[in-house]
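Peer 1: Structure for this input, please:
(2 chains)
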Amino acid sequence: MRGNVTAAALLVAIFVAWEAGVRAFKVKPIILPPPSAVFADLLAAPAWYLGHAWYTLLVTLAGFALSVLIGVLLAVLIVESRLLEKSIYGLIVGLNSVPKVAVAPLFVIWLGTGAAPKIAIGFLIAVFAIVIDGVLGLKSVPPDILDLARSLRGGRLATLWRIRFPCALPSLFAGMKVAISLALVGAIVGEFVSSQRGLGYVILSAQGMFDTARVFAAILVLAVMGVALFWLIAWLERLAIPWHASQREHVSTH
Amino acid sequence: MKARPAAGIEVRRLRKQFGAAGIVAIEDVSLSIAPGEFVSVLGPSGCGKSTLLRCIAGLESPSGGSIAVNGAPVSGPPDGLGMVFQRDALLDWRNVADNLMLPVDFRHGDRAAARERAAALLALTGLQGFEKAYPAQLSGGMRQRVAICRALVDDPVLLLMDEPFGALDALTRDQMNIELQRMWLAEHKTVLFVTHSISEAIFLGDRVVVFTPRPGRIADVVAVDLPRPRRLAVRASERFVGYASHIRTLFEGMGLLREEA
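Peer 2: Numbers count the residues shown, from 1 in each chain, chains lettered A, B, ... in the order given. From the prediction side, this is the model:
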């Protein structure tokens, strides 16, 4: 709680210093508008911003959901099959170092200019975090517990469901916290490349008109959205794995 | 719930080598365990005593020789097996009551009967009231008690324990020895108990199987003739001390214990 108050105070201080600095040094609004101008733009058309934010949010959540679904599936296949581990996993780790943003224009060619290419880019950027943390989590089962499952004649599916999967949850949530932010990046990149909607479109069109206040306003909304999405996952994590050491820490500091 | 009759074990000329040219963990081990018998397996670290236990559990396949549980050759984990590991192997995400349900979940057993038995076992180990606690909230001794209850919950015919008290402090270990003896006297399962503590092996066992260093062979089998229930004070008795010094002499003969610096 005290941490939150400190963070809020720091944020207010930054805005005050920004406002004061811009006024004192007479910075051109086109370079750096004062926060008052940014907020004024935001409050002039809140419904308009909300509409674009909503679109970006839906694209982000769709890309994220897809990355979790496919990512967990891939992680399970990699852990359960030695062949796939040797082939796919190396490939995935390698592909992760390719700048995925670079393929964004391709998706527009393939999938058109609707929501699909944006979701696809969000998925592509986010899925690696899920796969890599998922594999790590599924493999983090202590050998004794795997022996125990075998001694109880647990089949692969039962062991996966009752042992590996719960054991992987802490690691998987760590991956999801990264992935949700990456899905948002993917959505914005998609909107940059081609869009008539979303905050990425707002930023790009405002930049074209040198409306710097509007760019900042959109960035501000994006920042709030990013933090909110992260907290959403953190909240789900607390519900899902209250038994984990990371969560016990949480309880005592809140 | 009517207890199933305990299992007998026949180990014949068992040999276990890891990999084609790898280390030989066990060489020519033969051992008969009667139903309801408590056998301690004692030896230095890395002597293959855990490998023997894992072979009987069907977790490792022998390189030579044979193992039979109740006359049936072991090719995988035998029916009615309960296992306890050095680290308790409790599931962090399940509370005590749900951890005890794991064997039933895997074996699709009778849940209601298991719940009843779980409650009785928890009472026997003084853990009643901790059903809703998570493993992280329990001490090492309590965790190991839960692990033992879990191994017993669906009425196994054979209990294999791999250095279950090795990670506990000395006082807790003594306490666990007393409790394990009490549970064994109440349940009369066949127990194979691997340990590297001489006094623990004698205190608990009907017989103590002494292993040589790797490759593990049986150096001697000591029949422990002490009345049960044994009390901790028995460890100071003449007969107990006699068994212990006999075993110590065996280890000295293997070059494991040397008094001069």
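Peer 1: contacting residues around A:Ala20?
Peer 2: Shown in contact with A:Ala20 (Cβ atoms under 8 Å, 6 or more residues apart in numbering or on different chains): no residues. Placement of C-beta: from N, CA and C, glycine included.
Peer 1: tell me the average confidence for the helix or strand where it lies?
Peer 2: Using DSSP states H and E, A:Ala20 sits within helix A:2-24. Averaged across helix A:2-24, pLDDT comes to 92.
Peer 1: Could you check how far it is from the centre of its chain?
Peer 2: 26 Å (Cα atoms, centre = their mean, to the nearest Å).
Peer 1: Okay, buried residues for that helix please.
Peer 2: A:Trp18, A:Val22 (16 or more other Cβ atoms under 10 Å in any protein chain shown).
Peer 1: what does stretch A:36-55 give?
Peer 2: Within stretch A:36-55, judged by 16+ other Cβ under 10 Å, the buried ones are A:Ala37, A:Val38, A:Asp41, A:Leu42, A:Tyr49, A:His52, A:Ala53, A:Tyr55.
Peer 1: Report the entries of the residues you listed that also contact chain B.
Peer 2: Contacts with chain B are made by none of those, judged by Cβ under 8 Å from any Cβ of the partner chain.
Peer 1: Sitting in strands, which of the residues you listed do you find?
Peer 2: Among the buried residues of stretch A:36-55, no member falls in strands (DSSP state E).
Peer 1: Any residues of the stretch 51-200 of chain B in contact with chain A? List them.
Peer 2: B:54, B:57-59, B:76-77, B:81, B:83, B:85-87, B:89, B:91-93, B:102-103, B:105-107, B:134, B:136, B:160.
Peer 1: Can you spell out the domain ranges of chain B, please?
Peer 2: B:1-80+B:157-261, B:90-154 (automatic domain parsing).
Peer 1: Of those, which is nearest A:Ala168?
Peer 2: domain B:90-154 (10.8 Å; Cβ to Cβ).
Peer 1: if I look at A:Leu32, how far off is A:Leu204?
Peer 2: 19 Å (Cβ to Cβ, to the nearest Å).
Peer 1: about what we covered before: export the domains of chain B to JSON lines and tack on mean neighbour count?
Peer 2: Below are the domains of chain B laid out as JSON lines (neighbours: other Cβ atoms under 10 Å in any protein chain shown):
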{"stretch": "domain B:1-80+B:157-261", "mean neighbour count": "18"}
{"stretch": "domain B:90-154", "mean neighbour count": "19"}
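Peer 1: Turn those into TSV, columns for mean pLDDT and distance to A:Leu136.
Peer 2: Output for these, formatted as TSV (pLDDT from 0 to 100; distance: least, Cβ to Cβ, whole Å):
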stretch	mean pLDDT	distance to A:Leu136
domain B:1-80+B:157-261	92	25
domain B:90-154	93	17
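Peer 1: Nearest to A:Val178 among those would be which one?
Peer 2: Of all these, domain B:90-154 comes closest under Cβ to Cβ, at 22.2 Å.
Peer 1: For the chain, just list every one of the helices.
Peer 2: Let's take chain A. Assigned by DSSP state H, chain A shows helices spanning A:2-24, A:35-44, A:46-80, A:82-84, A:90-95, A:104-111, A:115-138, A:143-151, A:156-159, A:165-193, A:199-208, A:212-240, A:245-253.
Peer 1: wrong chain, I was asking about chain B
Peer 2: B:49-56, B:96-100, B:102-107, B:111-124, B:140-152, B:170-187, B:198-204, B:238-253.
Peer 1: Tabulate those helices in a markdown table, adding columns for distance to A:Ser195.
Peer 2: Listed next are these as a markdown table, based on distance: least, Cβ to Cβ, whole Å:
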| stretch | distance to A:Ser195 |
| --- | --- |
| helix B:49-56 | 60 |
| helix B:96-100 | 49 |
| helix B:102-107 | 49 |
| helix B:111-124 | 54 |
| helix B:140-152 | 55 |
| helix B:170-187 | 65 |
| helix B:198-204 | 71 |
| helix B:238-253 | 77 |
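Peer 1: Can you say which of these is nearest to A:Leu169?
Peer 2: helix B:96-100 (15.5 Å).
Peer 1: Extract the CA atoms of the closest one and return them as CSV.
Peer 2: Output of helix B:96-100 as CSV, limited to C-alpha atoms (Å, rounded to 0.1, in the frame of the first residue of the first chain):
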residue,chain,number,x,y,z
VAL,B,96,-2.6,-32.1,3.3
ALA,B,97,-6.0,-33.7,2.8
ASP,B,98,-5.7,-33.4,-1.0
ASN,B,99,-2.1,-34.7,-1.0
LEU,B,100,-3.4,-37.8,0.7
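Peer 1: Quick one: residues in contact with stretch B:237-251.
Peer 2: So stretch B:237-251 is contacted by B:42, B:44, B:198-199, B:201-203, B:208, B:210, B:219-220, B:222, B:224-226, B:234-235, B:257 (Cβ under 8 Å, 6+ apart).
Peer 1: Report the contact partners of residue 141.
Peer 2: Here I'm looking at chain A. A:Val141 neighbours (Cβ under 8 Å, 6+ apart): A:Ile163, A:Arg164, A:Cys167.
Peer 1: Wait, chain B was what I had in mind.
Peer 2: Counted by Cβ under 8 Å, 6+ apart, B:Gly141 has contacts B:Leu168, B:Thr172, B:Gln175, B:Met176.
Peer 1: mind listing what the third one touches?
Peer 2: For B:Gln175, the contacting residues are B:Gly141, by Cβ under 8 Å, 6+ apart.
Peer 1: try the first one
Peer 2: With contacts taken as Cβ under 8 Å, 6+ apart, B:Leu168 has the following neighbours: B:Gly140, B:Gly141, B:Gln144, B:Met176.
Peer 1: wait, doesn't the first one sit right on B:Met176?
Peer 2: No: taking contact to mean Cβ atoms under 8 Å, the distance of 9.8 Å between B:Gly140 and B:Met176 leaves them out of contact.
Peer 1: wait, what's in contact with residue 160?
Peer 2: In the absence of a named chain, chain A is used. Taking Cβ under 8 Å, 6+ apart, one finds A:Val76, A:Glu80, A:Leu138 in contact with A:Leu160.
Peer 1: hmm, I had chain B in mind actually
Peer 2: So B:Leu160 contacts A:Ser151, B:Leu53, B:Ile56, B:Ala57, B:Leu81, B:Gly82, B:Met83, B:Val84, B:Val191, B:Leu192 (Cβ under 8 Å, 6+ apart).
Peer 1: hmm, try it at 7 Å
Peer 2: By Cβ atoms under 7 Å, 6 or more residues apart in numbering or on different chains, the contact set of B:Leu160 is B:Leu53, B:Ile56, B:Ala57, B:Leu81, B:Met83, B:Leu192.
Peer 1: circling back to that earlier point, include distance to B:Leu14 when you put the helices of chain A into TSV, please.
Peer 2: What follows is these, written out as TSV (distance: least, Cβ to Cβ, whole Å):
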stretch	distance to B:Leu14
helix A:2-24	60
helix A:35-44	77
helix A:46-80	32
helix A:82-84	29
helix A:90-95	40
helix A:104-111	61
helix A:115-138	34
helix A:143-151	18
helix A:156-159	27
helix A:165-193	33
helix A:199-208	68
helix A:212-240	45
helix A:245-253	41
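Peer 1: Quick one, which of the ones you listed gets closest to B:Leu152.
Peer 2: Across the helices of chain A, closest to B:Leu152 is helix A:143-151 (Cβ to Cβ), at 13.5 Å.
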